[in-house]
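>>> sequence-free structure coming up:
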């Protein structure tokens, strides 16, 4: 996780609306990350609501965002968007068994890149970050690791209630 728009003023949000958009694969990936962020958000005493807005190629993100924002008033909005195509890459390798017999195998990496933008009233950008991952074989155990990096970045940028950067 890398910050491209830092925040330096401590924020005291009580309600956070998290929204995401993208393909079905993006939805699964982001929902797993948001689910893994839950303990960190609860520790900061920040209530949140998550909604997936849909695939921008098939639905109106603006209409869905307005509907979700009207139904879920919040202090801030964290909007997660794909920055690049999400997908798998495969690489073939040749290995050798203990008896010396060669065999071919392949490995898959899930490549994903997302922008995270936290805004306040009237779309004022408070913080922006980029998340790029290359995950081998899409294991579920990676989501807590990714979510801890996101929570740490939010803490460092003074965006979680009552937690200053020095208190990490």
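Looks like it came in fine. Here the structure is a predicted model, which is why all the values come from computation and not from measurement. Residues are numbered from 1 along each chain as shown.

>>> helix or strand right after the helix ranked longest in the chain?
Using DSSP state H, we find that the single longest helix of the chain is helix 24-43. Toward the C-terminal end, the helix or strand that comes next after helix 24-43 (DSSP states H and E) is strand 47-54.

>>> Okay, now the sheet partners of that next one, with direction.
Here strand 47-54 is paired, per DSSP bridges, with strand 15-21 (parallel).

>>> quick one: the partner strand to helix 24-43, angle?
170 degrees (axes from the mean of the first three to the mean of the last three Cα atoms, to 10 degrees).

>>> can you list the residues that contact strand 15-21?
26-27, 30-31, 34, 41, 46-56, 61, 65, 68-69, 72-82 (Cβ atoms under 8 Å, 6 or more residues apart in numbering). No exception for glycine: its C-beta is placed from N, CA and C like everyone else's.

>>> Tell me the secondary structure of residue 116, please.
strand (DSSP: H, G, I helix; E, B strand; the rest coil).

>>> hey, what's it bridged with?
Beta bridges link residue 116 to residue 80, residue 129, judged by DSSP bridges.
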